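Asker: no letters, just coordinates:
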């Protein structure tokens, strides 16, 4: 296995995947008509796990990274900024629903993790 050369916090693909998952989680928790596509989420998780291993990260390195409070906060803040730019407004559930429906319609990574019950 190759040794990872980039710190996990700086690895673009991994961070994009984690931010998309965090954004999807925020959307589904805020909008009552959005739900996680559980099997898609699990498949993406398995793909990401394989990717991290292929990049040379150990399971322990990944676990430490994912449990790090500062990294969790950074990822959540990035996801929140992304959703704000997409039109989500704190305290306005419908704006999160609209942002989520738009993500689904555009076929974004975040949108691929969600389904609308409307």
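Answerer: Everything's here; your move. Because the structure is a prediction, the values reported are computed rather than measured. Residues are numbered from 1 along each chain as shown.
Asker: what helix or strand does the residue nearest the centre of the chain sit in?
Answerer: By Cα atoms, centre = their mean, the mean C-alpha position of the chain lies nearest to residue 21, the distance being 1.8 Å. Counting by DSSP states H and E, the element that carries residue 21 is helix 12-30.
Asker: partner strands of the next helix or strand after that helix, parallel or antiparallel?
Answerer: Note on helix 12-30: by DSSP H and E, the next helix or strand toward the C-terminus is strand 34-36. Strand 34-36 pairs in its sheet with strand 114-116 (antiparallel), by DSSP bridges.
Asker: dump the residue contacts of residue 49.
Answerer: residue 62 (Cβ atoms under 8 Å, 6 or more residues apart in numbering). No exception for glycine: its C-beta is placed from N, CA and C like everyone else's.
Asker: quick revisit: now the helix holding residue 21: mean pLDDT?
Answerer: The average pLDDT within helix 12-30 is 97.
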